[in-house]
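J.: take this sequence and fold it.
(chains A and B)
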Amino acid sequence: MSAYAALTRATYAASVRDKTTLFFTFAFPLAFLVLFGLIFQGQQVKGGLSSINYIAPGVLSWGLGNAAVFSVGFALMQWRRDDLLRLIWRTPTPLRTLLASRWTVALAVACVQTVLFTAVALLPFFGLELNGPYWAAVPLLILGVTAFLALGLLVGSVANTPEAVAAIANILMVPMAFLSGSFFPDDLMPGWLRTVSKVLPLHYLNDGLTDAMGGRGGLGDIAADCAGLAVFAVIFGLIATRIFRWSNRT
Amino acid sequence: MTTDAFLAARPRVRPEVLMGPSLVRGTARIHLLKDPRTGHRMEIGPKEHFLITRLDGTRSLEEIGHEYAGEFGARLGQAQWAQMLKLLHGRRLLDGGPAPAPAASAPSAPIQRPSGLLAGRSRLVADAPALMDRLHRATAPARRPTVLALLTALAAALLVAVAIQAGTLWQQTEHTAGQPVLLLAVGCVLWCSLALHELAHGLFARAWGGRVTEIGLRWILGATYLYCEIEDVQFLGSRARKVATACAGVFANLLFLVPFYLLWALLPSGAQAHPALGALLFLGAVSAVANLLPLPPLDGYKALGHALGITGLAQGSRTFAVLAVRALFRRGPAITAYPARLRLAYGGFALLTAVQSAALLALLGAALHTALPDDEAALGWWLPPALLAAVLLLWALGARARTLRARNAPPPGTTPTAPAEIPGGPPRPTTPPDSPAERPAPQGADTGRPQSGPDPTYHRRKGEMSGPDSEAEAVHGGSATETVIVLEGLTKRYGEVTALDNVSLTVRRGEFFGILGPNGAGKTTLVEIVEGMREADSGTVTLLGQSPWPRDTTLLARIGVQTQASAFFARLTAGEHLRTVAALYRTDPATVPTALKRVGLTDKENARIDHLSGGQRQRLAVATALLHEPELIFLDEPTAALDPEARRELWDLLRSLRSEGRTIVCTTHYLDEAEALCDRVAIIADGRLAALDTPRNLIRSLAAPARLLVPAGRISPDAALALEGVDRATVEGDDLVIETTAANRVLTRLGDLMDIESVTVRTATLEDAYLSLTGHGTEHSR
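T.: Below is the predicted model of the structure:
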């Protein structure tokens, strides 16, 4: 078994056995979908789309981002704290193998999340209709997971305790979710606030998924969102490599 | 000591003890006192305060007694003085007494409830005092009086401007309230303002010598807010300072709004953001001013308490109100205990609270009345009072339940601020708080032994110490000259600290090499440099004939490192973990069963690591280090935190590894372990190589006297000293300890006097050698 396959398997087994994280990854976004779906039920947004076409991609993008940031942030902090990173440092396995295995698992989790979530949202009760180029969600998903994984690496490098990971990740993700229009149709936001949200990675994921699944925009818009996510992935990735630490000891 | 001599003494309270302000609690006057060295705070009554302020070393007890009699009309006899001094001594407040140990952590940290999903807290800043220091320096220009005056004027001007344009702003707030998105954005901005509010409290307190102990995030029922905990607001100095600190948060809130006001005023009234900014200004200003209402727990209440010099104003006022109402119906003691000023303060506050509560309820009722649909509008009037009543009822039930629980289970220990009062004339004894921090640290050789029995090393040494030595020569005699690790003049500094100072040593193939030293002596740094994780500042390292720096994975594949306990993949079974590590080393997964078998964990292959015992985890860690069949194994404190049985099992495992011909380097601070296992021991102290030899030679070179332990009472120390060859005889605990360099002769003599079986002989151990070499005298370092 190659080191990559072994690490992927270990990460997968650890994720499946962690019931709390499973709940927050899969059930929690669904709860949000029910909540916001009920609040905005039957409303039409001025663009002409039903509000579920905004809510479903929005909550999904938040769920994807949250899962990536938290899982990687916690894992990196924990691995450094437990000296597991030093163990890996001593082996011939390079760091990129470790990251690749993480990325694979995060991507798989994101796929399952998306399929499950979309299936629920398609139920007549919520009434989502896939009338956009929904296959375009695939590149968005890959780039989005990459960007938020890099953000998670940042969080995990800065924080030394589980509490700090939770606090920092929440401080980043909760305002970002609101400002990027994950929980309400972002076409309702005033223009200047929409301008502000352009500096947030979640905005691009949300915007792109709304275009792809809700059918709001065309492929050109989606390509622009993909570019935005790629830029964030590169920026976060660069910072993460700068502040990465093998050990908590100075 | 005679009474005269006693009364002529001039004891002194340690001059650095801080006298805090004089405050009123209930009807009593209290004085606060703080020991800056330990951080302990206490409340004392006026009489103690009178005495403590006069115990300055210039006055005799007699003179102070006279002054006291003149002031309080009671005489202080020797007994009362003795109690008073005993109390001060017990609290370590007297000069010349035992020096108080500086408390490393906050001494009176309140017991915190564990954080949950619904409510809890999390510390965000690792070193809050340092952050506040930086902020303090950064805000130095803003603290100039002219700038402060300007800022105050700005804040006031903002209030006036908002008041003048209240009508427009209110309309815009109403408009914004219809748009949940906008309202949310306003809420987010106000949340940031709240965070600055807390920092402002901290900065003001810091400017007057207060200390910010913690900055973090609290959450309750989904709402989160930043907090900034300040220690000793009461010790900031004048009342004005304390009031200013209490009002600083509101000051920051108002200043925070100024740029938004400018933006609001400059934007054309048709701009999209205009109503949102208006709502922000209105809500921000209203919430800031509302915070100044004198209602607990708002800032206005705190400021009022500081201004009046009363602590626990709300509680005092409640007690007073109950008493006053009872007195009105002639059902209790009159309120004569309260002087006129306090009656005014407590009564006034009670009335103020009642009026404010009524006004708030009316306001809330009116708001609900307009907000609710017409047919339910009537609900609006009685809903708030009903809610309030329900809350009060719940609170009362909770308080009752708490008192009942407290009665059933008396809390262990006393509070750190137990007041030491002299209610009538003479002081009555008060038990000083007995918190662990105040107890003197255990000292001396016999109280601090890490192991349970007095001499486990002695009995074991006889059989086992000779074992490894002879075995080493037998098995590895031929290759003993081949070196595995060579260090020459190794030096490593971290800033000012020298972790390693010119260390040179050689580890031979097949050797069990121990590295001993107190915590922080440089053991870990040494191992990290040898494995190539760090680069030495100077000197050379040769590991298996090569330089380990920079990281060389082919070299690393030849060594195995067992770090301290927890380097396992989360939530895997023992087998899964080992297979993963095997894959990381790119070795055959077939080595996994072998490694498990060798450490005796075959039956635990499918058990989750979280469910293994401490000893099993340590053995699994050793198995992890063995997977790729390394020639050289590093062990970092392999038996830390294991029970004696698990330690012995691990020792057996380590001995068997050594007998396979592997070289083992083991750091430890268990001396018996090093003595039992190691062929040679390097003792590192303060980064230097203090000694390097076999355990036996180290002990021998000490030429320490043997210690004979006789049960106390069998023979008196004087009688023992009279025996020929006895150097010292002292009673330590239950034993009489006889030190001698002629153990045999003394034993013979003792045999004449008592049953020789009751005498225990303890010759010098590695521990003695270690202690003398690391310069720790008789004190243990663990």
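J.: skip the chain neighbours and tell me the closest residue to residue A:109.
T.: Closest residue in space to residue A:109, ignoring its immediate chain neighbours: residue A:67 at 5.9 Å, by CB to CB, 6 or more residues apart in numbering or on different chains. To be clear about C-beta, it is placed using only N, CA and C from the backbone, and glycine gets the same treatment.
J.: same question, residue A:171
T.: Computed as CB to CB, 6+ apart, the closest residue to residue A:171 that is not its neighbour in sequence is residue B:217, at 7.6 Å.
J.: which element is that neighbour on?
T.: Remark: residue B:217 resides in strand B:211-220, with elements defined by DSSP states H and E.
J.: could you point out the helix or strand that follows that strand?
T.: Downstream of strand B:211-220, the next assigned helix or strand under DSSP H and E is strand B:223-231.
J.: quick one: mean pLDDT for the following helix or strand past that following strand?
T.: Toward the C-terminal end, the helix or strand that comes next after strand B:223-231 (DSSP H and E) is helix B:239-266. Here the mean pLDDT over helix B:239-266 is 91, rounded to a whole number.
J.: just say helix, strand or coil for the residue lying closest to residue B:255 once chain neighbours are set aside.
T.: Setting aside the residues directly before and after it, residue B:255 is nearest to residue B:155 in space (CB to CB, 6+ apart), at 5.5 Å. Per DSSP: H, G, I helix; E, B strand; the rest coil, the local secondary structure of residue B:155 is helix.
J.: check contacts around the residue nearest to residue A:171.
T.: With contact set as CB atoms under 8 Å, 6 or more residues apart in numbering or on different chains, residue B:217 has these partners: A:167, A:171, B:121, B:122, B:124, B:224, B:225, B:226, B:227.
J.: give me the buried entries from the residues you listed.
T.: By the neighbour-count criterion of 16 or more other CB atoms under 10 Å in any protein chain shown, the contacts of residue B:217 include these buried positions: A:167, B:121, B:122, B:124, B:224, B:226, B:227.
J.: which stretch of helix or strand covers the third one?
T.: For residue B:122, the host element (DSSP H and E) is strand B:119-123.
J.: got the angle for that strand vs strand B:211-220?
T.: Taking axes from the mean of the first three to the mean of the last three CA atoms, to 10 degrees, one finds that strand B:119-123 is oriented at 140 degrees with respect to strand B:211-220.
J.: in its sheet, what does strand B:119-123 sit against?
T.: Take DSSP bridges as the rule and strand B:119-123 pairs in its sheet with strand B:211-220 (antiparallel).
J.: which parts of the stretch 301-450 of chain B are helices?
T.: Counting by DSSP state H, counting those that start in this stretch, one finds helices in the stretch 301-450 of chain B at the ranges B:313-328, B:340-371, B:379-408.
J.: try chain A
T.: For chain A, the helices defined by DSSP state H occupy A:3-16, A:19-22, A:28-39, A:52-81, A:84-90, A:95-121, A:137-158, A:162-179, A:191-196, A:201-209, A:219-243.
J.: can you redo those as TSV with mean pLDDT?
T.: Formatted as TSV, these follow (pLDDT from 0 to 100):
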stretch	mean pLDDT
helix A:3-16	91
helix A:19-22	85
helix A:28-39	84
helix A:52-81	91
helix A:84-90	88
helix A:95-121	92
helix A:137-158	94
helix A:162-179	90
helix A:191-196	81
helix A:201-209	92
helix A:219-243	91
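J.: and those, which is most packed in?
T.: When the helices of chain A are scored by mean count of other CB atoms under 10 Å in any protein chain shown, the highest mean neighbour count falls to helix A:201-209 (a mean of 28).
J.: hmm, who's touching that helix?
T.: Outside of helix A:201-209, the residues that reach it under the criterion CB under 8 Å, 6+ apart are A:57-58, A:60-62, A:64-65, A:136-137, A:140, A:144, A:147-148, A:151, A:173, A:176-177, A:179-182, A:186, A:197, A:217, A:221-222, A:225-226, A:228-229, A:232, A:236.
J.: so that helix versus helix A:52-81, what angle?
T.: Angle, helix A:201-209 to helix A:52-81, by the same axes, to 10 degrees: 140 degrees.
J.: could I get the contacting residues of the residue of the stretch 101-250 of chain B at minimum distance from chain A?
T.: Proximity to chain A, evaluated over the stretch 101-250 of chain B using CB to the nearest CB, is greatest for residue B:122 at 4.4 Å. Residue B:122 makes contact with A:163, A:164, A:166, A:167, B:115, B:216, B:217 under the criterion CB under 8 Å, 6+ apart.
J.: and whatever residue of chain B ends up closest to chain A, what element?
T.: For chain B and chain A, the shortest gap (CB to the nearest CB) falls at residue B:583, measuring 3.2 Å. For residue B:583, the element it lies in under DSSP H and E is helix B:574-584.
J.: distance between that helix and the chain's centre?
T.: Between the mean C-alpha location of helix B:574-584 and the chain-wide mean there is a distance of 37 Å, by CA atoms, centre = their mean, to the nearest Å.
J.: would you mark the buried spots in whichever helix or strand comes after it?
T.: Proceeding C-terminally, helix B:574-584 gives way to helix B:591-598 as the next helix or strand, assigned by DSSP H and E. Residues of helix B:591-598 classed as buried by neighbour count (16+ other CB under 10 Å): B:591, B:592, B:595, B:596, B:598.
J.: same check on stretch B:537-547?
T.: Neighbour counts using 16+ other CB under 10 Å place B:539, B:541, B:542, B:543, B:544 of stretch B:537-547 among the buried residues.
J.: so what's the nearest residue to the third one once chain neighbours are set aside up against?
T.: If I follow you right, that is residue B:542. Leaving out its chain neighbours, the residue that sits closest to residue B:542 by CB to CB, 6+ apart is residue B:486, at 4.3 Å. Under the criterion of CB under 8 Å, 6+ apart, the neighbours of residue B:486 are B:506, B:507, B:540, B:541, B:542.
J.: closest one of these to residue B:338?
T.: Minimum separation from residue B:338 among the contacts of residue B:486 (CB to CB) is found for residue B:541, which lies at 77.9 Å.
J.: next secondary structure after the host helix or strand of the closest one?
T.: Using DSSP H and E, the secondary-structure element containing residue B:541 is strand B:538-543. Under the assignment DSSP H and E, the closest C-terminal helix or strand after strand B:538-543 is helix B:553-556.
J.: restricting to C-alpha, output that following helix in CSV.
T.: This file holds the C-alpha atoms of helix B:553-556, laid out as CSV (Å, rounded to 0.1, in the frame of the first residue of the first chain):
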residue,chain,number,x,y,z
THR,B,553,15.3,10.4,4.9
THR,B,554,17.6,7.5,4.1
LEU,B,555,19.4,8.2,7.4
LEU,B,556,16.1,8.7,9.3
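J.: what are the contacting residues of it?
T.: With CB under 8 Å, 6+ apart as the contact definition, helix B:553-556 has outside contacts at A:90, A:91, A:92, B:531, B:532, B:543, B:544, B:546, B:548.
J.: quick revisit: with distance to residue B:621 added, can I get the contacts of residue B:486 in TSV?
T.: Below are the contacts of residue B:486 laid out as TSV (distance: CB to CB, whole Å):
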residue	distance to residue B:621
B:506	27
B:507	21
B:540	30
B:541	25
B:542	27
